[in-house]
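> What shape does this take:
(2 chains)
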Amino acid sequence: MLLMFVLSSLFLIALAVGQEPISEPLKSALLWVVIMFSAAIGLGRSFIAEQERGTVLLLQLNVRGSQVLAGKLIFNFILLTAVDLVGLGMFSFLLDLQIEHLSLMLVVLTLGSIGLAGATTLLSAIIARASNKGPLLPVLLFPMLIPLLLSVVRAASEALEGGMGWSGVQTELATITAFGGVVLTASFLLFEYVWTE
Amino acid sequence: MVNVKRYTVVRNLVFGWLTVILLAGFLLNFPKINILEHTARNLYFHVPMWFTMMAAAFVSGYHSWKVLQTGDPLRDIRALQAARVGTFFGILGITTGIIWSRFTWYVGTDVWWNFDPRQIMVSIQLLIYGGYFVLRSALDEPGKRAKISAVFNLFAMTALPFLLYVIPRQMESLHPGAEGNPAFSQITHPVMRLVFYPAIIGFVGLFWVLYTQRVRVAWLKYRVTQDSEM
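Residues are numbered from 1 along each chain as shown, chains lettered A, B, ... in the order given. A predicted model of the protein is given here:
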């Protein structure tokens, strides 16, 4: 379902853009906007689904909170990697993307997905406890993601354009990695308070 | 829980202090500054708003952390009211900044919003507090609301420091000290600093008065209704 969301939103973008040539930074921005919206829509149900199926109590009794979080994080990360790959593939198919530095692009996508998965997983645990869920996850998620978004968009557009390659985006890569690290650490520290009643 | 006499003394002191600042801010003369000229007086009001909002964010974050440790409803009330008053100062800070830049650097254009790093940071902080208030309204049971919203407040705050590193590399700033801009001490005259530093103290004091006042009202309401929302 999530991959279909990526496909249809990319198709929408491709048709909206039409045959106008668009610049590399804009392509990179569009790609990341699609990925972040997919995360907000697809990963928000991680913990709500457990509640609906009534498996929360079972997990609370048998498994430690940090293990539950680790499991959810890994699953969400794998899902996001699939979104990244499908998104990138379809993007280059529809919009004629020339990737100058494929390895840099893949590293940026992977590191960015770690931070994205970290932020989304804890917030989806938070909204699972709220009564009126609606569009709550994007409201909480997007302001937090802005520092990540700024760095990944710049790093990805550098990977598309060629330019300086690896040496041109050192600060961005450091920021993306640090963002992932800090968000994951904060998730593990805070998750216990959300998980236990 | 409250020392009425101390509160009254501090409140009157803050009000008197700010009255003097207002008078001095508009009446004290200082040498002409390039480009800024007399709009530089906005320094006394615009910059302290930013300091006050930072102070409010720290107070709110500290009490959120204490909520997780103790589960005390008073801590929850303090975190919420600090966030509310901080939002108020943040809106004032961004408004004074936008008006200042519009009529100083963008005369003759239609530019209102510019991608200034600090402007973006304040907007993000305001969006985070917006999310915090929305989240609180979506949680119905008070104990759960205190805990969950404290987690969100702390979690969202971890993202902010990154902006200090990322944005200045990508965007130009109108603020002193940024790349290519003169340092703060070079463009301000000693006379201005005579008003500026006390203005920071005055507005942080105003935050304290508003914050403690709201905490006491919310605490009274909590004792009647067992609900920390106000």
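
> how far away is A:Leu184 from A:Leu111?
12 Å (C-beta to C-beta, to the nearest Å). In short, each C-beta sits where N, CA and C put it, glycine included.

> A:Ala159: how many residues sit nearby?
Using other C-beta atoms under 10 Å in any protein chain shown, A:Ala159 has 26 neighbouring residues.

> okay but it is in contact with A:Leu104, surely?
Yes - with contact defined as C-beta atoms under 8 Å, A:Ala159 counts as touching A:Leu104 (4.2 Å).

> who touches both of the two?
Contact criterion C-beta atoms under 8 Å, 6 or more residues apart in numbering or on different chains; residues shared by A:Ala159 and A:Leu104: A:Val169.

> Do a quick rundown of the helices in chain B.
In chain B, the segments counted as helices under DSSP state H are B:4-27, B:43-70, B:73-104, B:117-138, B:142-157, B:160-170, B:184-187, B:190-225.

> Does the host helix or strand of A:Thr171 reach chain B?
Here A:Thr171 sits within helix A:170-195, counting by DSSP states H and E. Yes - interface with chain B: helix A:170-195 contributes A:Thr171, A:Glu172, A:Thr175, A:Ala178, A:Phe179, A:Val182, A:Val183, A:Ala186, A:Ser187, A:Leu190, A:Tyr193, A:Val194 (C-beta under 8 Å from any C-beta of the partner chain).

> can you count the residues close to the residue lying closest to the fourth one once chain neighbours are set aside?
What it means is A:Ala178. Nearest non-adjacent residue to A:Ala178, counting by C-beta to C-beta, 6 or more residues apart in numbering or on different chains: B:Phe162, 7.0 Å away. By other C-beta under 10 Å, 21 other residues sit near B:Phe162.

> got a pLDDT number for B:Phe162?
As predicted, B:Phe162 sits at a pLDDT of 80.

> And A:Thr175, by the same measure?
At A:Thr175, pLDDT is 88.

> Against A:Phe91, how distant is the closest residue to it other than its chain neighbours?
In space, and not counting its chain neighbours, A:Thr175 is closest to A:Ser151: 4.5 Å by C-beta to C-beta, 6+ apart. According to C-beta to C-beta, A:Ser151 stands 19 Å off from A:Phe91.

> got a list of what B:Val47 touches?
Contacts here follow C-beta under 8 Å, 6+ apart; on that basis B:Val47 touches B:Phe196, B:Ala199, B:Ile200.

> so the second one touches B:Leu28, yeah?
No - the criterion here is C-beta under 8 Å, and B:Ala199 misses it with B:Leu28 at 11.7 Å.

> Helix, strand, or coil at the most centrally placed residue in chain A?
A centroid search over chain A (C-alpha atoms, centre = their mean) returns A:Leu116, at 3.8 Å, as the residue closest to the centre. When classified by DSSP: H, G, I helix; E, B strand; the rest coil, A:Leu116 comes out as helix.

> The closest residue to it other than its chain neighbours: how many residues sit nearby?
The shortest distance from A:Leu116 to any non-neighbouring residue, by C-beta to C-beta, 6+ apart, is to A:Ala39 (5.2 Å). When neighbours are defined as other C-beta under 10 Å, A:Ala39 has 26 of them.

> give me the element A:Ala39 is part of.
Going by DSSP H and E, A:Ala39 is in helix A:24-42.

> Mind giving me the packing neighbours of that helix?
helix A:2-17, helix A:65-95, helix A:102-128, helix A:136-161 (3 or more C-beta pairs under 8 Å, 6 or more residues apart in numbering or on different chains; DSSP states H and E).

> Just put those in a markdown table and tack on mean pLDDT.
Formatted as a markdown table, the helices and strands packed on helix A:24-42 follow (pLDDT from 0 to 100):
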| stretch | mean pLDDT |
| --- | --- |
| helix A:2-17 | 87 |
| helix A:65-95 | 91 |
| helix A:102-128 | 92 |
| helix A:136-161 | 89 |
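
> Ok, which of the ones you listed comes nearest B:Gln226?
helix A:102-128 (23.1 Å; C-beta to C-beta).

> residues in chain B within reach of chain A, list them.
So chain B meets chain A at B:68, B:120, B:124, B:127-128, B:130-131, B:134-135, B:137-140, B:144, B:147-148, B:150-152, B:154-156, B:158-160, B:162-163, B:165-167, B:169-170 (C-beta under 8 Å from any C-beta).

> how about 7 Å then?
Proximity of chain B to chain A (C-beta under 7 Å from any C-beta of the partner chain) is limited to residues B:68, B:124, B:127-128, B:131, B:134-135, B:138-140, B:144, B:147-148, B:151-152, B:154-156, B:158-159, B:162-163, B:165-167, B:169-170.

> Check the spacing between the residue nearest to A:Ala178 and A:Ala29 real quick.
18 Å.
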